[in-house]
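1. A predicted structure for the sequence below; I have some questions about it.
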Amino acid sequence: TFQSQLQTLLDRPPHLRFLQINQNESLPLQISLFQYTSKSVHVLDLQNCNYSFNEEECMKLCHSPLGIQCEILSINVKNRESINIFVKYMTNLRALHIKYEDKTFNQRSTSEENANDEFRDENIDDSDELIHWLEDHLLST
């Protein structure tokens, strides 16, 4: 099967540190990815999966063999609440690269812009808001 072939492939190189998974948009993400093991993989790049993980899937990843030993994670998530999940449960994590599609946050930014009826640099305002959100939510973690 595909799963056993992939596991065999992961078992072969003893010094494989980086695992990047690229996936065609038309294929569903194989959640079985959470079952694979590799003693040497510490960098996991899932940003090219063309998939955004929800909070439940993020939790499963954190408790999976690859997630437990992961030190550097790149991933797309549905909302920024997942940042808390990774920081709290991935104890070996040293770096986290996230792209998120937080619809509530994006709608709030748009309505603020429309209410002000003036030009503003969305990237600066959005990153300021994100920094404040991170300070509020990660200080308690």
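-> Thanks, I have it. Residues are numbered from 1 along each chain as shown.
2. going forward, measure contacts between C-alpha atoms and count neighbours the same way
-> Will do.
3. Residue 24: neighbour count?
-> Residue 24 sits with 11 neighbouring residues when counted by other Cα atoms under 10 Å.
4. where does it land in three-state SS?
-> coil (DSSP: H, G, I helix; E, B strand; the rest coil).
5. just residue 74 next, same as before
-> When classified by three-state DSSP, residue 74 comes out as strand.
6. surely it meets residue 48?
-> No - counting by Cα atoms under 8 Å, residue 74 does not reach residue 48; the two are 9.2 Å apart.
7. Can you pull the residues that touch both of the two?
-> Residues touching both residue 74 and residue 48 (Cα atoms under 8 Å, 6 or more residues apart in numbering): none.
8. can you list the domains in the chain?
-> 2-101, 103-141 (automatic domain parsing).
9. Let me have these in CSV, extended by mean pLDDT.
-> Shown next, in CSV, are these (pLDDT from 0 to 100):
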stretch, mean pLDDT
domain 2-101, 88
domain 103-141, 58
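10. Out of those domains, indicate the one that is most buried.
-> domain 2-101 (a mean of 16; mean count of other Cα atoms under 10 Å).
11. Just the endpoints, please. Distance across that domain?
-> Terminal residues of domain 2-101 lie 30 Å apart, using Cα to Cα, to the nearest Å.
12. how close does residue 45 sit to residue 98?
-> 10 Å.
13. just residue 14 next, same as before
-> From residue 14 to residue 98 the distance is 28 Å (Cα to Cα).
14. bridging residues for residue 99?
-> Beta bridges link residue 99 to residue 76 when assigned by DSSP bridges.
15. Figure out the helix or strand that the closest residue to residue 85 other than its chain neighbours lives in.
-> Among residues not flanking residue 85 along the chain, residue 59 sits closest, at 6.6 Å (Cα to Cα, 6 or more residues apart in numbering). Take DSSP states H and E as the rule and residue 59 turns out to sit in helix 55-62.
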